[in-house]
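Novice: sequence and computational prediction follow.
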Amino acid sequence: MASTLVPTVAPAVFASRRARLMAQLPNNSVLLVSAAAEITRSRDTEFAFRQDSDFNYLTGFPEPDALLIMQKSAAGEMTELLLCRPKDELAEIWQGRRYGAALAAETFGLPAISHENLPLEVQNALNQKTTLVYSQGTYAEFDALVSSTLATLRKYPKKGYQAPTQQFDLRPIIAELRLFKDEAEISMMQKACKISAQAHCNAMQQCKADMWEYQLEAIIRFHFAMQGARDAGYNTIVGGGENGCILHYTDNNAQLKDGDLVLIDAGCELAGYSADITRTFPVNGKFSAEQAALYQVVLNAQYAACAAVKPGNSTKDTVAAAIAELTKGLLELGILQGELDTLIKEQACKKYFIHGLGHWLGLDVHDVGAYKVNDVERPFEPGMVLTIEPGLYIPTGSDCDKKWWGLAVRIEDDLLVIKEGHLNLTDDVPKEIAAIEALMAGSV
């Protein structure tokens with residue numbers, strides 16, 4: 001059923017994740033996790049289906065209209081059940097093959113049945129349980145089913161019905177698990193990052209003046225697909241010239257001009273896991289003096305912030321390192337004026353560094369997991385994956401010399417925290433000025 005290019009994860013890995021999750025729940029509880037729903041694109045066509053990240057994390061099952069029910073008895077015994085679409089010859093002729101219950105059970109290592117009796121299965125699972133755990137508010141149709149089931153259980157106690165008296169939100173519980181990547185996830189993310197890094201290199205090598213932004217996007221997306229990653233982890237950003245000053249620019253419909261920089265923020269999605277890389281380079285392959293000067297400021301900040309990614313440090317340390325370098329560089333270039341210490345304290349560089357420094361990365365490009373614990377930045381620990389992405393954006397009309405106007409630079413890498421510090425998963429794509437120019441000149 002799966003592409004031979006896409007690496008697979010053993011059922012035992014998913015079983016281990018489910019066991020770790022259920023170990024945190026009280027006895028006499030039931031956990032419901034819904035698959036994602038198909039979304040209409042226009043009339044009778046749908047957007048490409050993308051599985052719910054939590055459901056993917058726990059099962060690996062790739063189809064819509066599925067439900068995972070996990071129960072923990074009053075004695076602490078655990079059972080699990082996957083409900084999925086039945087085999088249907090006519091539906092499969094029109095819309096593609098389905099696993100069906102038998103093949104789903106065999107492939108994913110979960111007891112599975114058809115979802116035809118899903119409402120009754122949900123009712124039976126909830127009845128006489130003390131605690132219900134699920135992500136309320138994620139899928140309206142599923143919310144309605146749970147709500148009506150609870151109403152039925154509360155309405156007919158004489159039938160032996162009893163509804164759960166407590167409800168917990170699944171999201172913060174599973175988010176904490178997902179924050180720390182297991183070996184299978186790290187392997188998948190390394191592959192996604194390697195594919196994405198090569199795609200960025202291809203874009204650098206093929207870029208030339210008068211191309212269109214969407215053509216660079218096509219080069220990147222082509223490489224993703226040819227390596228088994230059919231989807232991007234997010235909408236690809238290709239911003240030439242001042243378009244790079246628009247943080248989430250995705251129009252990608254302008255022509256690239258000789259003498260401009262182009263900012264590309266792109267990462268593939270492989271088996272649900274996303275990479276996230278940004279590189280900025282000259283359309284014609286050669287940085288001007290101003291471009292190189294501003295670029296080097298951002299690169300220095302990125303190196304400083306990356307160096308601070310190690311166990312025991314936190315985002316507070318990475319941000320401080322980046323702000324110090326950005327402020328120093330902007331002051332030296334004359335874009336900021338004043339005393340360095342004062343400018344750092346006031347975070348004056350935020351006038352041109354207008355976003356955060358990074359985010360968790362995983363099954364969602366802006367992945368789940370708390371950034372603070374008890375209102376204090378949580379320390380980095382092995383298994384966390386995060387991005388480091390300082391940037392400077394100087395749109396036309398900024399309060400500085402006009403020679404800087406229209407320049408936008410962002411540099412982003414994906415870092416895995418390890419015991420010794422960190423591992424840069426995306427360093428296959430160059431970011432030093434000389435290395436970028438050499439690659440674009442064809443001398444590498």
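Specialist: Yep, that arrived. Numbering: from 1, shown residues only.
Novice: ok, now which ones touch the closest residue to D210 other than its chain neighbours?
Specialist: Excluding the flanking residues, the one nearest D210 by CB to CB, 6 or more residues apart in numbering is Q255, at 6.1 Å. The C-beta positions use only the backbone N, C-alpha and C, and glycine is treated the same way. For Q255, the contact set (CB atoms under 8 Å, 6 or more residues apart in numbering) comprises 210-213, 240.
Novice: mind putting those into JSON lines with distance to Y393 and secondary structure?
Specialist: Below are the contacts of Q255 laid out as JSON lines (distance: CB to CB, whole Å; DSSP: H, G, I helix; E, B strand; the rest coil):
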{"residue": "D210", "distance to Y393": "24", "secondary structure": "coil"}
{"residue": "M211", "distance to Y393": "23", "secondary structure": "coil"}
{"residue": "W212", "distance to Y393": "22", "secondary structure": "strand"}
{"residue": "E213", "distance to Y393": "17", "secondary structure": "helix"}
{"residue": "G240", "distance to Y393": "14", "secondary structure": "strand"}
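Novice: where exactly do the helices run in the stretch 1-150 of the chain?
Specialist: In the stretch 1-150 of the chain, the helices defined using DSSP state H, counting those that start in this stretch lie at 11-22, 53-59, 89-95, 100-108, 118-126, 140-155.
Novice: just name the most buried of the ones you listed.
Specialist: helix 53-59 (a mean of 23; mean count of other CB atoms under 10 Å).
Novice: show me what that one packs onto, helices and strands only.
Specialist: Taking 3 or more CB pairs under 8 Å, 6 or more residues apart in numbering; DSSP states H and E as contact, the helices and strands that helix 53-59 lies on are helix 11-22, strand 29-34, strand 67-72, helix 170-179.
Novice: please convert the ones you listed to CSV, extending it with distance to D260 and mean pLDDT.
Specialist: Formatted as CSV, the helices and strands packed on helix 53-59 follow (distance: least, CB to CB, whole Å; pLDDT from 0 to 100):
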stretch, distance to D260, mean pLDDT
helix 11-22, 46, 97
strand 29-34, 46, 98
strand 67-72, 49, 98
helix 170-179, 39, 98
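Novice: distance to A308 added to these, as TSV?
Specialist: Formatted as TSV, those follow (distance: least, CB to CB, whole Å):
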stretch	distance to A308
helix 11-22	30
strand 29-34	36
strand 67-72	39
helix 170-179	19
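Novice: how about those, which one is nearest C201?
Specialist: Within these, the stretch nearest C201 is helix 170-179; the backing value is 29.7 Å (CB to CB).
Novice: and the helix or strand that that closest one is followed by, what's buried?
Specialist: Sequence order places helix 183-206 as the next helix or strand after helix 170-179, per DSSP states H and E. The neighbour-count check on helix 183-206 (16 or more other CB atoms under 10 Å) flags 184-186, 188-204 as buried.
Novice: ditto for stretch 257-276
Specialist: 260-276.
Novice: among these, which lie within strands?
Specialist: Among those, the members found in strands (DSSP state E) are 261-266, 268-270, 273-274.
Novice: what is the helix or strand where G239 lies packed up against?
Specialist: Secondary-structure assignment from DSSP H and E places G239 in strand 237-240. Strand 237-240 sits against helix 213-226, strand 261-266, with contacts defined as 3+ CB pairs under 8 Å, 6+ apart.
Novice: contacts for the last one next, please.
Specialist: Spelled out, that is strand 261-266. Contacts of strand 261-266 (CB under 8 Å, 6+ apart): 196, 199-200, 203, 207, 213, 216-217, 220, 232, 236-241, 243-244, 256, 276-283, 291, 295, 407-410, 412.
Novice: quick one: average pLDDT of that strand?
Specialist: On average, the pLDDT along strand 261-266 is 98.
Novice: do the same with the first one
Specialist: Per-region confidence: helix 213-226 scores 98 on mean pLDDT.
Novice: neighbours of I344, how many?
Specialist: Around I344 there are 18 other residues, counting by other CB atoms under 10 Å.
Novice: hmm, what's the outermost residue in the chain?
Specialist: The outermost residue of the chain, judged against the average C-alpha position, is K158 (48.0 Å), by CA atoms, centre = their mean.
Novice: domains in the chain, by residue range?
Specialist: The chain breaks down into these structural domains: 11-178, 180-441 (assignment by automatic domain parsing).
Novice: what's the most buried one of those?
Specialist: With neighbours taken as mean count of other CB under 10 Å, the domains of the chain reach their highest mean count in domain 180-441, at a mean of 19.
Novice: distance from stretch 206-226 to the middle of the chain?
Specialist: 22 Å (CA atoms, centre = their mean, to the nearest Å).
Novice: can you list contacts of it?
Specialist: For stretch 206-226, contacts defined as CB under 8 Å, 6+ apart pick out 195-196, 198-200, 202-203, 230-232, 236, 238-240, 243, 251-258, 262, 264, 266, 268, 281, 283-285, 440.
Novice: distance between stretch 138-148 and the chain's centre?
Specialist: Worked out by CA atoms, centre = their mean, stretch 138-148 lies 26 Å from the chain centre.
Novice: which of the helices of the stretch 1-150 of the chain has the lowest mean pLDDT?
Specialist: Here the lowest mean pLDDT among these goes to helix 89-95, at a mean of 93.
Novice: residues making contact with that one?
Specialist: R98.
Novice: do that again at 10 Å, thanks
Specialist: 38, 46, 85, 88, 97-98, 100 (CB atoms under 10 Å, 6 or more residues apart in numbering).
Novice: could you dump those residues into TSV with distance to V368 added?
Specialist: Below are the contacts of helix 89-95 laid out as TSV (distance: CB to CB, whole Å):
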residue	distance to V368
E38	23
E46	25
R85	27
D88	34
R97	31
R98	29
G100	31
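Novice: tell me which two in those are the farthest apart.
Specialist: Of all pairs drawn from the contacts of helix 89-95, the greatest distance, 20.5 Å, lies between E46 and G100 (CB to CB).
Novice: could you dump the helices and strands packed on strand 237-240 into JSON lines with distance to L336 added?
Specialist: JSON lines is the format used below for those (distance: least, CB to CB, whole Å):
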{"stretch": "helix 213-226", "distance to L336": "30"}
{"stretch": "strand 261-266", "distance to L336": "21"}
